[in-house]
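Enquirer: Here is a sequence together with a model predicted from it:
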Amino acid sequence: MLFHYHFWTPYVEETERFYVRNGFRVSQRIGKYQGDFLHFDPPLVWNDFREKNILFRIIEVRKGNVNITFGYGKKVIFDHIGFLVSKNEHDEICENLNKLNWKVEKGDRRTFITTPYNFRIELQTNIDLVDSEAKDIKIKELRLETKVTGLESDLHILFGKTVDTIKTVVGDKVTIKEAIIRDYPAKQIQDPNGVKIITKA
């Protein structure tokens with residue numbers, strides 16, 4: 001199940017504010033402060049730490065089966081998408097990587113696959129990364145812009161089936177153009193990083 005995407009952005013506070021205003025909750029904030037990575041999770045709010053010059057590595061917001069993360073970057077960069085998979089699915093996907101010759105980094109918590117399309121794919125087996133309530137809210141489709149063709153056919157090889165939640169157009173950069181979210185009560189809107197959010201019943 002497609003459940004996740006991640007951006008690096010200079011608009012960290014603005015991005016959090018956008019998603020919170022549109023029904024997401026902040027589940028964690030981790031930032032580097034005075035040389036150490038520390039948590040600034042809720043119930044802390046930005047007024048509690050805004051003046052501390054924190055370099056946020058990750059802020060995570062959630063709504064149902066949708067998990068979005070972002071961290072500080074000097075410019076907006078789309079980093080990866082994430083799929084929630086079973087242990088068997090994870091192992092089968094990693095086997096299929098032999099057909100694609102893509103680089104993979106397996107970790108205790110998650111696996112990252114480096115694609116030739118200038119973004120990564122995360123495989124996640126931890127179901128605690130989505131909220132148990134409002135499970136009907138999920139990513140129905142991500143529309144990606146890539147610089148070259150072939151992503152959909154490569155994803156078919158990787159997953160051993162058609163991945164109908166990913167659609168691509170060819171353009172001059174690599175990013176998410178649109179996120180279509182099912183049963184998400186919001187009008188068509190755009191986040192600070194250029195992702196257009198579209199609701200589908």
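Expert: Right, received. Where do you want to start? All values reported here derive from a predicted model rather than from experimental measurement.

Enquirer: neighbours around the spatially closest residue to F56 that is not a sequence neighbour, how many?
Expert: Leaving out its chain neighbours, the residue that sits closest to F56 by C-beta to C-beta, 6 or more residues apart in numbering is G31, at 4.1 Å. Every C-beta, even on glycine, is put in place using the N, C-alpha and C of the backbone. As a burial measure, G31 scores 21 neighbours (other C-beta atoms under 10 Å).

Enquirer: Dump the helix or strand harbouring G31 to CSV, keeping only the CA atoms.
Expert: Using DSSP states H and E, G31 sits in strand 25-33. Output of strand 25-33 as CSV, limited to C-alpha atoms (Å, rounded to 0.1, in the frame of the first residue of the first chain):
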residue,chain,number,x,y,z
ARG,A,25,-1.7,15.6,13.2
VAL,A,26,1.9,16.0,14.0
SER,A,27,3.3,12.7,15.3
GLN,A,28,6.9,13.7,15.7
ARG,A,29,9.6,16.4,15.2
ILE,A,30,13.3,15.6,15.4
GLY,A,31,15.9,18.4,14.9
LYS,A,32,19.5,19.1,15.5
TYR,A,33,20.0,21.6,18.3
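
Enquirer: same question for it, mean pLDDT?
Expert: Mean pLDDT, strand 25-33: 97.

Enquirer: Am I right that the residue nearest to F56 is in contact with R50?
Expert: No: applying C-beta atoms under 8 Å, one finds G31 not in contact with R50, separated by 11.5 Å.

Enquirer: Can you work out which residues contact both of those two?
Expert: Listed contacts common to G31 and R50 are nil; contacts here mean C-beta atoms under 8 Å, 6 or more residues apart in numbering.

Enquirer: returning to that earlier point: for the residue nearest to F56, name its beta-bridge partners.
Expert: Taking DSSP bridges, one obtains L38, F56 as the residues bridged to G31.
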